[in-house]
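1. My questions concern the predicted model and sequence given below.
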Amino acid sequence: LILGDYSTQIKKMTEDTLGELLREMHQYTHAVRYNAMANMISAHCQSEDKIIQLIALRWMNTFLEQSGRSMMPFTANILVAVLPCLAFESDKDDIRKIAHQVNEKLKLLIVDTDDEDCTTDLSDEVRVNLVSGSPVRKSTQTPSTQESSISIEKTSDKTSIMEKEEKVTKTLSSEKSEEDSLIFEREPVTVKLSLLNVVAVLVGHMKFTAQETRLETLRWLLWLNKKLPKRIYRQAGRLFPHLQEMLTDISDRVVNLALQVIATLSMSEAGQDSDIPSTTKNESLTPVKQNKGSSPDPSHTRRLQVTDLNGDKRYITLNKYFRLFLVELLKMLNCDRILLENKGRLIIRHLCVYVDARAVYCTLAEILSGEDELAFSGLMVRELNAILFSSAELFDLRMQLQNMEGHDSWVLFKTLYDCWCHNPVAIVCLCLLSQNYQHAATIVSRFGEIEITSEVLQETDKLVQLIESPVFTGLRLHLLTPHQYPYLVQTLYGLLMLLPQTTAFKCLQHRLSSVPIINAISTETKKKSTRHVPRDIDFDKLLHHFLAIQQKHFATRHCRVQKQLTKILFEATSTTSV
């Protein structure tokens, strides 16, 4: 408080006194009761006075160095003081630097063994000496500081005052010597890290104005997941709604780190444990309505085998929160189309990096296949298809679809196909990428049976541009041997007939003019190149599914148009009558 005095001289003297006291604490570490001063120092760390705040942070930094894990019960209070300081600008750079040191030392107090006791959601217990901060070995019971208070028994009236004073003096001197000799042998007490309080502080700072503070809250969650995976997973139901809100943040760095936290929690092996507290279960996200048999139970964990860029195979575990998060993400994108337009692709791309592209796409496809709002499903398929063909992060997934090696690739194709049927141009793209040219030609030939809107023509225009991109280099080379890939030529000519005579029409026409089509027509005896299709892939059923989905889209669009026309006519009639 004296540091807040208006007198510069008094401030200087007080600062020197506190500095001297802090230096003496280094020499008499064993005699300092850090825990008794921790809350007071934490409060001064939040002072609006720059000098008071700086000195308080220096003291807290010393406390963490000398006291160690005995400061764990004050983690939440210290975070409240430190997190805002991490975002200070150049005028408070000295405070920001010392706050960063305090923050890093605070993280180091939490170790892997703190996650062993999972019997409570509140805390884990560590037995340490509150004075030294070091673990205590078992020893005989010794008096604590609080138990060493002086007690003076009642004496008779004959007892002189001198005798009382001598008794008090002897008691003080004996206890002082005992305290010096037994300082490290005090009764160990239980130190608790209240994870609920820490999480509450972090959640509260997720909406903080300063970007660096928001980033640090996410780094703390990553650190807690690394050190306390079981305990932090129990808080996942509480964290996910707030993490989802951070995806709307204006900063791409915050969005990126939030996705990393979401992916880490979604792949936590602690999710395999079925012993989840009932409070966490009640806070779980509510999935959208699914059709019967459209998707697996979202409460089940899924173990997937993925292949790295080096060809190494590894397994990842996706717990229930992965699917539930994607359900909520789709709801959010459906309600906020501006978010979908501005950050939708970034979210999907980064999520594919942190988790796995195939897992993300297959789960989204399963959810969208059961989505009741067909217009949104078609919109999302268009976005997912654009990301698939344009993003470097999905290169492996494109290669898997292009090569179609093994049964897993066909399962992937079938999963995406069921969902991609919501967009006719996207399903043609998928068939061209997977080199199922015959089925692509069949779909294009049936375009006359579905409604061709202006959006379909615009997407067909983009498909022509995509054919000229590096993604379809193999497709263009297949045009050199049209006798082996006649259905590819037929597909492209079908798209050409569909297009109005725009720039895309001229581009595709020019490309097809380079194909030795005469040779292809005259050589019917040469063997056609076809893929080996598994028995469980029935292209006739897939075609019927595509036509059925498109019929639903047609009916939904016309029903919506009819309602709009009825509303306009009703309003016009009401205006006329008035």
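-> Perfect, thanks for sending it.

2. Surely residue 317 is within a strand?
-> Yes. Under DSSP: H, G, I helix; E, B strand; the rest coil, residue 317 sits within a strand.

3. separation between it and residue 258?
-> Relative to residue 258, residue 317 is positioned 21 Å away (criterion: Cβ to Cβ, to the nearest Å). For the C-beta atoms, the positions are set from N, CA and C on the backbone; glycine is no exception.

4. again, but for residue 316
-> To residue 258, residue 316 is 20 Å away according to Cβ to Cβ.

5. now do residue 375
-> Separation of residue 375 from residue 258 (Cβ to Cβ): 28 Å.

6. circling back: looking at residue 317 and residue 258, which is more packed in?
-> Between residue 317 and residue 258, counted using other Cβ atoms under 10 Å, residue 258 has the larger neighbour count: 27 against 16.

7. mind listing what the more buried one touches?
-> Neighbour list for residue 258: 218, 243, 246-247, 249 [criterion: Cβ atoms under 8 Å, 6 or more residues apart in numbering].

8. how many other residues sit next to residue 216?
-> A total of 24 residues lie near residue 216 under the criterion other Cβ under 10 Å.

9. Without its sequence neighbours, what residue ends up closest to it?
-> Distances taken as Cβ to Cβ, 6 or more residues apart in numbering put residue 86 closest to residue 216, at 5.3 Å, once the chain neighbours are dropped.

10. Hmm, residue 98 and the one you found touching each other?
-> No. Look at residue 86 against residue 98 with Cβ atoms under 8 Å: they stay out of range, at 10.6 Å.

11. which residues in the stretch 351-500 of the chain form strands?
-> Counting by DSSP state E, counting those that start in this stretch, the stretch 351-500 of the chain forms no strands at all.

12. quick one: pLDDT of residue 218?
-> On the pLDDT scale, residue 218 is placed at 96.

13. Please renumber the chain so that the first residue is 15 from this point on.
-> Okay, using 15 as the starting number, the last item reads as residue 232.

14. residues touching it, list them.
-> Contacts for residue 232 (Cβ under 8 Å, 6+ apart) come out as 220, 260, 268, 271-272, 274-275.

15. Pull the contacting residues for the residue nearest to residue 427 when sequence neighbours are not counted.
-> Spatial nearest neighbour of residue 427, excluding adjacent residues (Cβ to Cβ, 6+ apart): residue 448 at 5.5 Å. Counting by Cβ under 8 Å, 6+ apart, residue 448 touches 415-416, 418, 427.

16. now for these, which pair is the farthest apart?
-> 416 and 427 (10.7 Å; Cβ to Cβ).

17. And the residue nearest to residue 230, how far from residue 208?
-> 22 Å.

18. just residue 222 next, same as before
-> Using Cβ to Cβ, one gets 21 Å for the distance from residue 222 to residue 208.

19. How about residue 109?
-> 27 Å.

20. where's the dip in pLDDT among the contacts of residue 448?
-> For the contacts of residue 448, the weakest pLDDT value sits at residue 418, with 87.

21. Identify the residue nearest it in space, chain neighbours excluded?
-> Excluding its sequence neighbours, the residue lying closest to residue 418 (Cβ to Cβ, 6+ apart) is residue 448, at 5.6 Å.

22. next one: residue 563
-> Excluding the flanking residues, the one nearest residue 563 by Cβ to Cβ, 6+ apart is residue 435, at 4.2 Å.

23. what number of residues lie near the one you found?
-> As a burial measure, residue 435 scores 26 neighbours (other Cβ under 10 Å).

24. correct me, but it touches residue 558?
-> No. Judged on Cβ under 8 Å, residue 435 makes no contact with residue 558 at a distance of 10.3 Å.

25. okay, residue 109 and residue 208: which has more neighbours?
-> Using other Cβ under 10 Å, the more surrounded residue of residue 109 and residue 208 is residue 109, with 20 against 16.

26. Which helix or which strand is home to the more buried one?
-> Assigned by DSSP states H and E, residue 109 falls within helix 107-122.

27. where's the closest residue to residue 395 other than its chain neighbours relative to residue 392, distance?
-> Sequence neighbours aside, residue 437 is the residue nearest to residue 395 in space, at 4.3 Å (criterion: Cβ to Cβ, 6+ apart). As judged by Cβ to Cβ, residue 437 and residue 392 stand 5 Å apart.

28. go on, residue 262?
-> Distance of residue 262 to residue 392, computed by Cβ to Cβ: 24 Å.

29. ok, those two, which is more surrounded?
-> Shown here are residue 262 and residue 392; by other Cβ under 10 Å, residue 392 has more neighbours (23 against 15).

30. Just give the nearest non-adjacent residue to that one, would you?
-> Leaving out its chain neighbours, residue 392 is closest to residue 436 (Cβ to Cβ, 6+ apart), at 4.4 Å.

31. next one: residue 241
-> Per Cβ to Cβ, 6+ apart, closest to residue 241 is residue 124, 4.8 Å.

32. Distance of the residue nearest to residue 427 relative to residue 509?
-> 17 Å.

33. do the same with residue 283
-> For residue 283, the distance to residue 509 equals 47 Å [Cβ to Cβ].

34. Which one's more surrounded, the two?
-> residue 509 (23 against 13).

35. That one touches residue 475, doesn't it?
-> No. Under the criterion of Cβ under 8 Å, residue 509 is not in contact with residue 475, lying 9.9 Å apart.

36. okay, residue 48: pLDDT?
-> Here the pLDDT value assigned to residue 48 is 60.
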